[in-house]
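Undergrad: here is the input, now give the coordinates:
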Amino acid sequence: MIGVTWRRSFSGDPSQLHDVRRLVGALLTGCPVLDDAIACLAELASNAVVHTKSRGDVFTVEIRLMDGSVRIAVTDTGGPTTPTLPPHVRGEVLESGRGLAIVAALSTYMGAEGDEEGRTVWAELRWAVQDGR
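TA: This next block holds a predicted model:
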């Protein structure tokens, strides 16, 4: 199945997060999972700026749109910690790590590859495709 992929690098400054949201909104106009994709990408980009060496450097956003799915990914310049879902405490997520829990809840699949030198965190969102579309 053929898809289209967009890739753009951003300065590792929190002020760039607005541009990340605007980019995905423009590229995925009309996509059935647009709001969820914006939320997931905003969280992954925010994590890159806050928790990795990308702060003050760069991070790269990749959006791949295919028939029935969109894969969003953020590649950072690494850091000492690995992104992990936090444990739940009495049905509540701890203060730290809530964003990844939201990404997990909104996406069909998610994952991370890489190490302290650079890491890509991604989420895939899917929807039902009707015949003839």
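Undergrad: the most centrally placed residue in the chain: what secondary structure?
TA: Centre of the chain computed as the mean C-alpha position; nearest residue by CA atoms, centre = their mean is residue 41, 3.4 Å away. Assigned state for residue 41: helix (three-state reduction, DSSP: H, G, I helix; E, B strand; the rest coil).
Undergrad: helices along this protein, start to end?
TA: Across the chain, reading from the start of the chain, the helices by DSSP state H fall at 17-27, 34-51, 98-106.
Undergrad: show me what the shortest one is packed against.
TA: Counting by 3 or more CB pairs under 8 Å, 6 or more residues apart in numbering; DSSP states H and E, the packing neighbours recorded for helix 98-106 are helix 34-51, strand 109-115, strand 118-126. The C-beta positions use only the backbone N, C-alpha and C, and glycine is treated the same way.
Undergrad: what would the ones you listed look like in CSV with distance to residue 68?
TA: Formatted as CSV, the helices and strands packed on helix 98-106 follow (distance: least, CB to CB, whole Å):
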stretch, distance to residue 68
helix 34-51, 13
strand 109-115, 13
strand 118-126, 6
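Undergrad: looking at the helices of the chain, which is nearest to residue 80?
TA: Evaluated with CB to CB, those place helix 34-51 nearest to residue 80, the distance being 9.3 Å.
Undergrad: buried ones in the closest one?
TA: Neighbour-count burial for helix 34-51, counted by 16 or more other CB atoms under 10 Å, picks out 34, 36-45, 47-49, 51.
Undergrad: what's the answer for stretch 113-127, then?
TA: By neighbour count with 16+ other CB under 10 Å, stretch 113-127 contains the buried residues 118-125.
Undergrad: OK, contacts around residue 24?
TA: With contacts defined as CB atoms under 8 Å, 6 or more residues apart in numbering, the neighbours of residue 24 are 34, 37-38, 41, 61, 63, 72.
Undergrad: apart from its neighbours in sequence, what residue is nearest residue 42?
TA: Ranked by CB to CB, 6 or more residues apart in numbering and with sequence neighbours excluded, the top spatial neighbour of residue 42 is residue 21, at 5.2 Å.
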